[in-house]
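Novice: pasting the structure only:
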């Protein structure tokens, strides 16, 4: 039924549809399911190039079993204010947030680590705490951390001697956004090199010049918006002075 869990047969139909290059909307229509259900199913199980019905079904059963078990917490694991519905919080972190991050091109394990950091009250966790929360191997966490650091999405900080914590905060997002915009701006430089090679009077040269102008405009706009957002959102509102009589 449309509102229930996907069956193994439905997953086989999704796998066939993905292999045939069908759009998620078309696969969903054939299954009488929401498009978001099919999109989430594929993205959280390897993406369109690696989705397999049997492994996706087994992974879903394992996730369901983990949800029925209490999350192990070591004595040093910081607590979380999960609110009145801890299961809803876990579902949001492990499914909704993680799936959206994966849709940006992020590997699943990396997306899980970033979602876990973003939804923790402290905004920072050690590698051991991430291993316990996500119930994965230290090697998996280490690889994900390396990716996130390279992208500028998290920062490393010392904690209690030699132990390190990995943190995500508003400034990290700012730095990552600016770095991404500047990396995109590199395309404008390359496009203008092409204009010099092909000639500004040629159709190809004119096309590359338009690409450069577009990328320049977008990149500069993103940096300006990031600067403005940081200034506005990170500045505490001051108490307005009393008006004179």
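Specialist: Now that the structure is in, tell me what you want to look at. This one's a predicted model, so the numbers in the text were calculated from it and none came from an experiment. Residues are numbered from 1 along each chain as shown.
Novice: List the residues that contact the residue nearest in space to the middle of the chain.
Specialist: Averaging the C-alpha coordinates of the chain gives a centre point, and the residue nearest to it by Cα atoms, centre = their mean is residue 101 (2.3 Å). Counting by Cβ atoms under 8 Å, 6 or more residues apart in numbering, residue 101 touches 110-111, 114-115. Using the backbone N, CA and C atoms, a C-beta is placed for each residue, glycine as well.
Novice: Check which helix or strand it maps to.
Specialist: Assigned by DSSP states H and E, residue 101 belongs to helix 98-103.
Novice: May I see the buried residues of the longest helix seen in the chain?
Specialist: The single longest helix within the chain, with elements called by DSSP state H, is helix 203-233. For helix 203-233, burial by neighbour count (16 or more other Cβ atoms under 10 Å) applies to 205, 208-209, 211-212, 215-216, 219, 222-223, 226, 230.
Novice: Out of those, which one has the weakest pLDDT?
Specialist: The pLDDT minimum for the buried residues of helix 203-233 sits at residue 230, where the score is 85.
Novice: Now do that one against residue 41, distance only.
Specialist: Distance check for residue 230 against residue 41: by Cβ to Cβ, to the nearest Å, it reads 37 Å.
Novice: Next: residue 103.
Specialist: In this structure, residue 103 and residue 41 are 13 Å apart, going by Cβ to Cβ.
Novice: same question, residue 53
Specialist: Distance from residue 53 to residue 41, by Cβ to Cβ: 10 Å.
Novice: Which residue ranges of the protein form helices?
Specialist: So, for the chain - with DSSP H - the helices run 8-19, 24-31, 35-43, 53-68, 86-91, 98-103, 108-119, 127-134, 138-150, 170-198, 203-233.
Novice: who does the fifth one touch, helix- and strand-wise?
Specialist: Other elements packing on helix 86-91 under the criterion 3 or more Cβ pairs under 8 Å, 6 or more residues apart in numbering; DSSP states H and E are helix 53-68.
Novice: The helix it packs on - what's its average pLDDT?
Specialist: Average pLDDT, helix 53-68: 74.
Novice: Check stretch 181-190 too.
Specialist: Averaging pLDDT residue by residue across stretch 181-190 gives 89.
Novice: And that stretch, what's buried?
Specialist: Judged by neighbour count (16+ other Cβ under 10 Å), stretch 181-190 contains these buried residues: 181, 185, 187-188.
Novice: Residue 35: which of those is nearest?
Specialist: Within the buried residues of stretch 181-190, distances to residue 35 taken as Cβ to Cβ reach their minimum at residue 181, with 30.6 Å.
Novice: was I right about that closest one contacting residue 224?
Specialist: No: shown here, residue 181 and residue 224 do not form a contact pair, counting by Cβ atoms under 8 Å, at 9.5 Å.
Novice: Tabulate the contacts of residue 101 (CSV), appending pLDDT and distance to residue 92.
Specialist: What follows is the contacts of residue 101, written out as CSV (pLDDT from 0 to 100; distance: Cβ to Cβ, whole Å):
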residue, pLDDT, distance to residue 92
110, 92, 18
111, 90, 13
114, 92, 14
115, 91, 9
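Novice: what's the closest of these to residue 136?
Specialist: Comparing the contacts of residue 101 against residue 136 with Cβ to Cβ picks out residue 110 as the nearest, at 11.6 Å.
Novice: Looks like the closest one contacts residue 148 (just checking).
Specialist: Yes: with contacts defined as Cβ under 8 Å, residue 110 counts as touching residue 148 at a distance of 6.2 Å.
Novice: Show me the two of the buried residues of helix 203-233 that sit farthest apart.
Specialist: The two members of the buried residues of helix 203-233 with the most space between them (Cβ to Cβ) are 205 and 230, at 37.8 Å.
Novice: Please determine how far residue 194 is located from residue 209.
Specialist: Between residue 194 and residue 209 the distance, using Cβ to Cβ, works out to 9 Å.
Novice: should've said residue 220
Specialist: The span separating residue 220 from residue 209 equals 17 Å under the rule Cβ to Cβ.
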